[in-house]
Each structure stands twice: as C-alpha cells, then as structure tokens.
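S.K.: next come a sequence and a model predicted from it.
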There are 2 protein chains.
Amino acid sequence: MLLGALEAGGTKMVCAVGKEDGTIVERISIPTETPEITMPKLIAFFKQFELAALGIGTFGPADLNPQSKTYGFITTTPKLAWKNYDIMGEFKKALGIPVGFDTDVNAACLGEAAFGCMQDVNNGIYITIGTGVGVGVMVEKQLLHGMLHPEGGHILLAKNPSDTYNGCCPYHDSCLEGLAAGPAIEGRYGKKAFELTDIPEVWELEAEYIAKALVNYILILSPERIVLGGGVMHQEHLFPLIRKKTLALLNGYVNTKQLADIDTYIVPPSLNDNQGILGCLKLALNAL
Amino acid sequence: MLLGALEAGGTKMVCAVGKEDGTIVERISIPTETPEITMPKLIAFFKQFELAALGIGTFGPADLNPQSKTYGFITTTPKLAWKNYDIMGEFKKALGIPVGFDTDVNAACLGEAAFGCMQDVNNGIYITIGTGVGVGVMVEKQLLHGMLHPEGGHILLAKNPSDTYNGCCPYHDSCLEGLAAGPAIEGRYGKKAFELTDIPEVWELEAEYIAKALVNYILILSPERIVLGGGVMHQEHLFPLIRKKTLALLNGYVNTKQLADIDTYIVPPSLNDNQGILGCLKLALNAL
C-alpha cells in the first residue's frame, strides 16, 4: 500500500510517497507560490501513484475541527494567497482518497511518536525553533487540538533585564518566537545564528529563553519527553545549556524520574529532519 | 446508589455522600491533622453509608499513574505527616469499595465538566487562586495527567517593572502563585485581599499577572473555556479586568469564536464552590 505525505510550508512544499512502515519511496520539493501555480504541480506529483490516502501537515493557522464548515482550510495566514484556502478539500476532489489534516508541527510530533523517539511515551511535545517557533502536543497518544490548535511558540516570557532587543513578533512584546526564533537572533546581533556559534553569550541568552518556555510547558502539560527541532537547534551545544537552565528554573519543584534523567528528557529529533514528512505519512494512515 | 466524595485539603477534609445526579445527601468537614488522627474520623463517617464507590480529590503532589507502585499516594508534600502516604490504599482497605483518585483541582475541573459550566465543551481548564494556585486541565473530556499532573500554578511570568515585591514562592522567583496567590497579595500590601477591595491598583496588578498566565494557558492548551475559582476570585470585579487584559496581551493573534465572546470564555465557577466535592462524586462514579 502506498501513502502520500505533504508537508506544506510557507516557503516550500515537501511531497513524499511512502509505506506504512515509514519507508519513503519517492520525494520532491516544490516552492510555495500561489495555490493557482503550486497546487496543480502537487496534484500532478501525487497522481503518478496509486495512493490509498494522503496526509497533510500544514503551516497555519488551520481549521482542524471536523465539525466546522471550514475544516481542512488554511485560515488567517499572513500568506495572503493561501488565506481561507480549502487545501484539504482540493486534494480530496483531485485525488478522490481519504485525506488526513493537521498542523506542520503536530505532524512532526506525530512523526516522532509513530516512528521516532516518542514511541515509548504517551505524552510528549515537539518544538521547532527556526524561522518561527511552533509547538506540537501529544496527550495520551492523541494530538492536541482544543479550541483551535496550540500556538505555544507565542507564550509570553520574562525578558532578561540586560536584553535590549525589542523582539521580532509583530503581535507580542516578549514572546518566545519574538525573542528566540532565528530572525530574533539575527535582529539582536546583526548576524545569522550559524555565524555566531563561537560567541557564548548568544547561546546563554538563547538557552535562557528556551528554558523559560520549557518550564512553562512542563508545568502546564506535564510531558514525558520534549523534542527540540528546527534550524536553531542544529546548534547542538544548546542542548546541555537548555537542560541545565530548565532544571535550575524548576528548582526541584517537580520531582519525577524523567526529569532526573534530563539527557533523555530534553532531546533532539531522532529522524534526521524527516519527522514532519513521516508524521504526514502517519496522518494518511490514520485517515484510512 | 450512594457515592462517597472526599475533598482532601491541607487545612480541612470535606466529606460528602451523594447520588449519580450530583445531589448531596450528607456532608461534613473535618480539620486536617495527621493521618493517625484524621483518617479514622473520615473512615467512620463513610462507614455509616452503604457506598458503591469513593472519589478522592487531594492536595498534592500525588501519584496518579495506575502503573506506578505508589499509585494513590500523596507524595512529596511539605505537609510532612502526609508525605508518601497511601491515602487511596487506606480507604480501599477500610471500605472495600472502588476508589477514584485525582488532584483537588482536577476534581474541581471535573465537577464543572460533569455538572457545571463545562458540560458543553471537550477542552477546558479550571484554575483556583487562593492560598495557592492550581490548574486542572481537561483534554477531550479526560483529565490531563501526563508525566505527573499539571502544576500550572507555578508557571513563570514577567514581573511588572513597578512591582518591587519578591514573590512568596519558595521555589521560583516570579511564578504565578508567588506573585498572585492570596499570600502574595497580603505580602505585597500588608493586608488581606478582602481589605483591599477598594484600591484599584491592587486589582490592576493582580489581573495583569492572571491575564499573563491565561495567555500562556490559551496558547499551550487551546481550551474552549476557562473557569477561575478560589478565594481571590471572590473579588468579582477582577473578571472584567482579566478579560480585557487577556485580549490585549493576545493582541488578536488567536482568532476564535470563543475569544470573540470573552464573557462566556473566562467565567466564574457555576457550582457555588461545590465544584470540588461534585468532581469527587464523579471520580467515584468513574471508578465503578
């Protein structure tokens, strides 16, 4: 059986075809332009195969509520060409197969849950820190949606008193994304993250903001594991800093065996940046 | 059929007997001393009735994991006489009936879900702001436990720059409980909350901290309704302040019909401070 997977991003669309066990047999990447230009290319790619189902993990916000009239739509995105676009409906119409639908970061969370480092837990979170910050949440093996879907990248944090950067989020004075996403690092120091690898104070501050966010995720969601992915987290020296600061800020208030083994609690992704596309494959399987 | 309910608090134990529909037929309150003194009184009360099951909502932290060897224990509480105490096991032994077990604030959340203002939603949170701050979380009609259970009262917040009070939490520099629980109000102003009702700046600051926390709960959990209970929230003039500040801080980033109707989104409890004991009744029913 072949399954289709679409990781719909703001700059590129990653399309793959794979099997139930997570094997990818074909894969392409197409730039994200307008639906008029991009959708026919995506549909043509998937039509080459006899697919049983398709799974879509999309940039958002998106309507994940099956009871809603706009279920399967990308909704109030600043990418105006895709605003209120029925992406799930268009694929259903074009391919005539079941389509699974969730956010990109929930898909990555599901990928790690189904094929990666969260197979052994029932509750976990996947955080991507790159151009933006996204948080996918799994509760008792199910992706959390709630009223809309988590937007945990925008939680409000206390700024470090010595940080004079105003943040890059147009909505919030001091949210995680505004203070710690890639563009915030570039905005604060005038250089890209990978050009700053050797400057310790850059990563001390970055780890402080990420740790402050993790403390709040831990206290609110009580996850059994936290996966930190995305471009910024390719700076692997961040992991020990984040682990240390998270424990220091929690200050012994939560005592669990998971926190006692912090190196296996706060971890990098295990799937070589394939967690998103593999999660989409699982969304396809779940849609069957 | 009669069900037992025990709301186990740090200062008092509220015991009740009721029916499936939420009717309470008998109710007493016993001071919380040591297990040696208090437990026989509780057991004697419940033994007067032919109970089908008992539900316990307890102060914590508590072990809610049915797979754990210490399931049903109160664990690392600062109330030393109750530390590592097998409260669920003792009741099972003494009464010989099924016993349901959760935290006090999860029980209150369940009470509102089963009999009160959260009957019509699948995802909601109940927050108590009193001597401490606790957060009970419901996801798809189930209480959230995860690794331990949420301890959302201790999330870290940005202090208001004009607030010189150091917070009353022994663990955290600036968590919600340390900045906004009853003892924090008394510590900051030297008077109890109810003596400060007429001083607007007290409630502006209190509402600011609560709103900052609500924004983070909304972004992480995406609840469909938020219930604010506890002694501090008896200051009903806080509600409009909190609603306004929450929307101002979100700044339009999350657009949902629920947030558009903020007066029915952030609400007081609907059960006259019986939400906890009624939730325990539901825990008993679920244990059957």
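M.R.: Looks like it came in fine. Residues are numbered from 1 along each chain as shown, chains lettered A, B, ... in the order given.
S.K.: quick check: mean pLDDT of stretch A:143-150?
M.R.: Average pLDDT, stretch A:143-150: 96.
S.K.: same thing with stretch A:77-88?
M.R.: 93.
S.K.: need the phi and psi values for the residue of the stretch 151-288 of chain A found nearest chain B.
M.R.: Closest to chain B within the stretch 151-288 of chain A is residue A:222: 3.0 Å, counting by C-beta to the nearest C-beta. For the C-beta atoms, the positions are set from N, CA and C on the backbone; glycine is no exception. Backbone torsions for residue A:222, taken as degrees, to the nearest 10, come to phi 50, psi 50.
S.K.: ok, it touching residue B:139?
M.R.: No: applying C-beta atoms under 8 Å, one finds residue A:222 not in contact with residue B:139, separated by 11.3 Å.
S.K.: mind listing what the closest residue to residue A:271 other than its chain neighbours touches?
M.R.: Excluding the flanking residues, the one nearest residue A:271 by C-beta to C-beta, 6 or more residues apart in numbering or on different chains is residue A:116, at 4.6 Å. By C-beta atoms under 8 Å, 6 or more residues apart in numbering or on different chains, the contact set of residue A:116 is A:227, A:269, A:270, A:271, A:275, A:278.
S.K.: how many neighbours does the fifth one have?
M.R.: The one in question is residue A:275. Residue A:275 has 31 neighbours, counted by other C-beta atoms under 10 Å in any protein chain shown.
S.K.: excluding chain neighbours, what is closest to it?
M.R.: Nearest non-adjacent residue to residue A:275, counting by C-beta to C-beta, 6+ apart: residue A:111, 3.7 Å away.
S.K.: how far does the longest helix along chain A sit from its chain's centre?
M.R.: Ranked by residue count under DSSP state H, the longest helix found in chain A is helix A:200-221. The chain centre lies 17 Å from the centre of helix A:200-221; the measure is C-alpha atoms, centre = their mean, to the nearest Å.
S.K.: quick one, phi psi at the closest residue to residue A:225 other than its chain neighbours?
M.R.: Once flanking residues are discounted, residue A:225 sits nearest to residue A:124: 4.4 Å by C-beta to C-beta, 6+ apart. Residue A:124 adopts backbone torsions of phi -160, psi 170, taken as degrees, to the nearest 10.
S.K.: could you do residue A:95 as well?
M.R.: phi -100, psi -20.
S.K.: all helices for chain A, in order.
M.R.: Applying DSSP H to chain A gives helices spanning A:35-47, A:87-95, A:104-115, A:176-180, A:182-189, A:200-221, A:238-250, A:257-260, A:275-287.
S.K.: nearest residue to the closest residue to chain B within the stretch 1-150 of chain A in space, please, no chain neighbours.
M.R.: Using C-beta to the nearest C-beta, the single residue of the stretch 1-150 of chain A nearest to chain B is residue A:146, 3.0 Å away. In space, and not counting its chain neighbours, residue A:146 is closest to residue B:222: 3.0 Å by C-beta to C-beta, 6+ apart.
S.K.: equivalent analysis for residue A:196, please.
M.R.: Distance criterion C-beta to C-beta, 6+ apart; nearest residue to residue A:196, sequence neighbours excluded, is residue A:202 at 4.6 Å.
S.K.: got the contact list for the one you found?
M.R.: A:185, A:189, A:193, A:196.
S.K.: what average pLDDT does stretch A:36-45 get?
M.R.: pLDDT averaged over stretch A:36-45 gives 98.
S.K.: how about residues contacting it?
M.R.: Taking C-beta under 8 Å, 6+ apart as the rule, stretch A:36-45 contacts A:6, A:13, A:15, A:28, A:30, A:31, A:32, A:90, A:91, A:94, A:95.
S.K.: check these and tell me the two furthest apart.
M.R.: The most widely separated members of these, counting by C-beta to C-beta, are A:31 and A:95 (21.4 Å).
S.K.: neighbour count winner among the two?
M.R.: Ranked by neighbour count (other C-beta under 10 Å), residue A:31 and residue A:95 place residue A:95 first, with 17 against 11.
S.K.: need the contact list for the more buried one.
M.R.: A:4, A:43, A:46, A:47, A:51, A:54.
S.K.: in this structure the third one contacts residue A:54, no?
M.R.: The reference is to residue A:46. Yes: using C-beta under 8 Å, residue A:46 is in contact with residue A:54, at 6.6 Å.
S.K.: what pLDDT does the residue nearest to residue A:275 get?
M.R.: The confidence metric pLDDT takes the value 98 at residue A:111.
S.K.: do the same with the one 5 residues further on
M.R.: With respect to pLDDT, residue A:116 scores 98.
S.K.: can you list phi and psi of it for me?
M.R.: Note on residue A:116: backbone dihedrals following degrees, to the nearest 10 are phi -130, psi -140.
S.K.: for the spatially most central residue of chain A, which non-adjacent residue is closest in space?
M.R.: Taking C-alpha atoms, centre = their mean, the centroid of chain A lies closest to residue A:105, which sits 2.4 Å from it. Nearest non-adjacent residue to residue A:105, counting by C-beta to C-beta, 6+ apart: residue A:134, 3.5 Å away.
S.K.: what's the one you found in contact with, if anything?
M.R.: A:103, A:104, A:105, A:127, A:128, A:152, A:153.
S.K.: what residues are bridge-paired with it?
M.R.: Legend: beta-bridge partners of residue A:134 under DSSP bridges are residue A:128.
S.K.: look up how far residue B:10 lies from it.
M.R.: Using C-beta to C-beta, to the nearest Å, residue A:134 is found at 39 Å from residue B:10.
S.K.: one more: residue A:253?
M.R.: Distance of residue A:253 to residue B:10, computed by C-beta to C-beta: 17 Å.
S.K.: for these two, indicate the residue with more neighbours.
M.R.: Set side by side, residue A:253 and residue B:10 show more neighbours around residue A:253, with 19 against 16, by other C-beta under 10 Å.
S.K.: just to check, the more buried one is in contact with residue B:151?
M.R.: Yes: with contact defined as C-beta under 8 Å, residue A:253 counts as touching residue B:151 (6.9 Å).
S.K.: how about the residues of the stretch 51-200 of chain A near chain B?
M.R.: Listed as neighbours of chain B in the stretch 51-200 of chain A under the rule C-beta under 8 Å from any C-beta of the partner chain: A:61, A:75-76, A:123, A:135, A:137, A:139-140, A:142, A:144-159, A:171-172, A:174.
S.K.: hmm, residue A:178 and residue A:169 touching each other?
M.R.: Yes: Residue A:169 is in contact with residue A:178 according to C-beta under 8 Å; the separation is 3.0 Å.
S.K.: which neighbours do these two share?
M.R.: The contact sets of residue A:169 and residue A:178 overlap at residue A:154 (C-beta under 8 Å, 6+ apart).
S.K.: which residues in the stretch 51-200 of chain A form strands?
M.R.: Ranges of strands in the stretch 51-200 of chain A, per DSSP state E, counting those that start in this stretch, are A:51-58, A:99-103, A:124-129, A:133-139, A:142-143.
S.K.: distance of the residue of the stretch 151-288 of chain A closest to chain B from residue B:286?
M.R.: Distance, residue A:222 to residue B:286, using C-beta to C-beta: 20 Å.
S.K.: who's more crowded, those two?
M.R.: Set residue A:222 next to residue B:286 and count neighbours by other C-beta under 10 Å: residue A:222 wins out with 23 against 15.
S.K.: buried residues in stretch A:14-34, which are they?
M.R.: Going by neighbour count (16 or more other C-beta atoms under 10 Å in any protein chain shown), the buried part of stretch A:14-34 is A:14, A:15, A:16, A:17, A:18, A:22, A:30, A:32.
S.K.: contact partners for the fifth one?
M.R.: By C-beta under 8 Å, 6+ apart, residue A:18 lies in contact with A:2, A:3, A:5, A:24, A:25, A:278, A:281.
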